[in-house]
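Asker: Predicted coordinates and the sequence they were generated for:
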Number of protein chains: 2
Amino acid sequence: MEERTRRRPRIADVAREAGVSKTAVSFAFNSPDRLAPETASRIRDVADSLGYRPHPVARMLTQRTTHTLGVLTPQALSVIFSNPFFGAFSEGVALAAEQEGYALHFISPLHGSLARAMGRATVDGVVAIGLSANHPEVEQIRAAGLPLVMVDSSALQDLSVVEIDDEGGARAAADHLLQLGHRDILVVGVEPPSPGATLEPEGVMGRRMRGYVQALADKGIELPPHAFVVGPASIEGGIAAMRRATEDGLRPTGVLVMSDAMAIGVLRAARELGLRVPEDVSVVGFDDIDISQHTNPPLTTVHQPIRQKGESAVRMLLSVVERRDQRPEHIRLETRLIVRGSTGPAPRRRQEVDRVQH
Amino acid sequence: MEERTRRRPRIADVAREAGVSKTAVSFAFNSPDRLAPETASRIRDVADSLGYRPHPVARMLTQRTTHTLGVLTPQALSVIFSNPFFGAFSEGVALAAEQEGYALHFISPLHGSLARAMGRATVDGVVAIGLSANHPEVEQIRAAGLPLVMVDSSALQDLSVVEIDDEGGARAAADHLLQLGHRDILVVGVEPPSPGATLEPEGVMGRRMRGYVQALADKGIELPPHAFVVGPASIEGGIAAMRRATEDGLRPTGVLVMSDAMAIGVLRAARELGLRVPEDVSVVGFDDIDISQHTNPPLTTVHQPIRQKGESAVRMLLSVVERRDQRPEHIRLETRLIVRGSTGPAPRRRQEVDRVQH
DNA sequence: ACTGTCGGCTAAACCGGTTTGCTAAACCGG
DNA sequence: CCGGTTTAGCAAACCGGTTTAGCCGACAGT
């Protein structure tokens, strides 16, 4: 019964047992046509009886390929795995990766260091999401010669990028509220990951903000600074943001939210505050995650093809991983407003007040 | 500008450049104390200037460890990543893994074969979720000498397992409806992954079913076969199941659903059918995923500690990966009913009809 | 009988590191 | 000045495979 310490059989064990060279064993698995048929099958029989499987790490080393793709995020995985947006994105990534026979390896800061995590990662290429282009890791990855595709990043010319029309989507959302007669508008944004950081103008949230502001400006409306609140991109974050705005005395008739998760929180907070949606207040989200169509009322939001974004990123990545296409590509996917039940005409009273003020 | 083909620098390049042996370079990184301080720092300077980083695969090979944990699922990742249950579970897994400095590698069927995917995976241990104990891969993993922890699996004695009290939770859910006076009950289950398969009595759904049935039996109620419908574990699956039941002429006052995602679908379908929740029909879910407290009405459901399940699984796994604790352990976490707004007293009319029938 | 080709297999180099065992020089007390 | 211990660093073996170059015998052609 002292089988406990039994070593994992190596290729040399199989070779010895079968009375052939290591080369022959390798051939039996990888190019059987270079062996006499019965030799190949005999070797495989011996291998089976010994329970031999080629050691994947050794294989990676010689073949200089891992058949694994890295998904890089600057945030801890323990924070984002139950973020529905990330889930849908990962689905897209997984779909393309699985089709092409690649496994997925998630790379997140190791003891606080993304660089260290990258150093450990054994992948053939990397899809980075939520990484701003000026992150030092970007250079590290390129220096290591690893193919890289950035998602939702500002457009560095010599990098492959998949992004969406954030600005256009945001403008559509704001236009929608304006057409419904809303003038008192609150904008709820996603706070930057690092507390001190200011809103990056070239980041996702910066672009969406620009879309909102432009649409308002077109109607001669200026967004007052206090009508912009931020919080974490979660339902709770949305609840807190809406409550805080109300405590600050804001009584918007329309709320533009930069994330559906937060928008759902806003919906919830509004209900708790005794506000009816959309009669008293209209809410527009952004992303169109799966649950958004099932909230009560269903959420009006800006749709973006999240899964497709993941899929496209992987396909772009593989085109350079496998075929060594070296020129960087840019893909921009469309967004579109989806009107559901959470938006309606601005309430009369407010409109009148508004008119009197002119 | 012909830097394009510049090879990744190897340890030998650094050694030559610094005028030392490979050994010295290795020491400079891994045990600097074995070198004169200024030698070590000179070597590191040279390494930096060359952009040298130790090749992670080569390192894995010699150190016989990957610092990576595998998460194994029999389903395609492209199907489950946006499943909120899986998201929360992964969060727990990631939390523990990140704390201990391990990365995560997801293992799902490669071209339809889980075994092939396992063969490629370079991990120090595996957490398997949704895998029944009789899957052939279980043996493969053990034969490869890889530490393994099964989650939600039927209790094979010689395997480490993390599970929850499905049966008790289900019983609590059913008791709750019974106490509210419900007698016409519909059970909505999750369909087995492979179409043909029958409900495994030892699987998660089998255990939950047993809990429901026992609670009903205690009150002398037998669940008629047609009062049990199944579907995929998604919102859409729940909608479809509820519609189908209604089309079949069922008019339950209480619905026991084996998954929150499906329960949310049932809520939605009920609203579309003109049924008020909980006045006309009560709904109880299972799992207590994050959104369940934010539905309208908030979902009454059986809570299970999903994140903790992932965390515990990883801690158990690491205890054998790192310390070679070999005896298999079993952990069973508790479930508890959380009463929110989706359940209420059975409607009078139904109760009377019920009474008359006696 | 001699050369050329081909099928079947092998020895040795290689992938890129780490680790073991050892040596030469420096140090040290007596 | 001498034997013993440290210190700093090296050569070689090793991790477990794949791949290149080439050997050997059989067979075909002339």
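Answerer: Structure's in. What do you need? Residues are numbered from 1 along each chain as shown, chains lettered A, B, ... in the order given.

Asker: Relative to residue B:244, how far out is the closest residue in space to residue A:292 that isn't next to it in sequence?
Answerer: The shortest distance from residue A:292 to any non-neighbouring residue, by CB to CB, 6 or more residues apart in numbering or on different chains, is to residue A:299 (4.2 Å). All C-beta atoms are positioned from the backbone trio N, CA, C, and that covers glycine. To residue B:244, residue A:299 is 27 Å away according to CB to CB, to the nearest Å.

Asker: What of residue A:47?
Answerer: From residue A:47 across to residue B:244, the span is 50 Å (CB to CB).

Asker: which residues of chain A score low on pLDDT?
Answerer: A:1-5, A:155, A:193-198, A:349-358 (pLDDT under 70).

Asker: Any figure for the gap between the residue nearest to residue A:292 and residue A:268?
Answerer: Taking CB to CB, one finds residue A:299 at 11 Å from residue A:268.

Asker: quick one, which of the two is more surrounded?
Answerer: Neighbours were counted for residue A:299 and for residue A:268 using other CB atoms under 10 Å in any protein chain shown; residue A:299 has more, 29 against 22.

Asker: how about that one, phi and psi?
Answerer: phi -80, psi 130 (degrees, to the nearest 10).

Asker: Would you confirm that the residue nearest to residue A:292 contacts residue A:293?
Answerer: Yes. Between residue A:299 and residue A:293 there is a contact under CB atoms under 8 Å: 7.3 Å.

Asker: Check the contact lists of these two and give me the overlap.
Answerer: residue A:340 (CB atoms under 8 Å, 6 or more residues apart in numbering or on different chains).

Asker: residue ranges for the strands of the stretch 201-350 of chain A, please.
Answerer: A:228-231, A:254-257, A:282-287, A:300-303, A:330-333, A:336-338 (DSSP state E, counting those that start in this stretch).

Asker: For chain B, find the nearest of the ones you listed.
Answerer: strand A:282-287 (12.4 Å; CB to the nearest CB).

Asker: That closest one and chain B in contact?
Answerer: No. For strand A:282-287, no contact with chain B is found by CB under 8 Å from any CB of the partner chain; the gap never falls below 12.4 Å.

Asker: Could you please name the strands that strand pairs with and the direction of each pair?
Answerer: Its sheet considered, strand A:282-287 pairs with strand A:254-257 (parallel), strand A:300-303 (parallel) by DSSP bridges.

Asker: Quick check: buried residues in the first one?
Answerer: Using 16 or more other CB atoms under 10 Å in any protein chain shown as the burial criterion, the residues of strand A:254-257 that qualify are A:254-257.

Asker: Please render those as TSV that adds distance to residue B:104 to the earlier fields.
Answerer: Shown next, in TSV, are those (distance: CB to CB, whole Å):
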residue	distance to residue B:104
A:254	41
A:255	36
A:256	35
A:257	31
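
Asker: For residue B:200, which of the strands of the stretch 201-350 of chain A is the nearest?
Answerer: The minimum distance between residue B:200 and the strands of the stretch 201-350 of chain A falls on strand A:282-287, with 37.0 Å, by CB to CB.

Asker: ok so, going back, name the residue in residue A:47 and residue B:244 with the higher neighbour count.
Answerer: Shown here are residue A:47 and residue B:244; by other CB under 10 Å, residue A:47 has more neighbours (22 against 15).

Asker: what helix or strand is the more buried one on?
Answerer: Using DSSP states H and E, residue A:47 falls within helix A:37-50.
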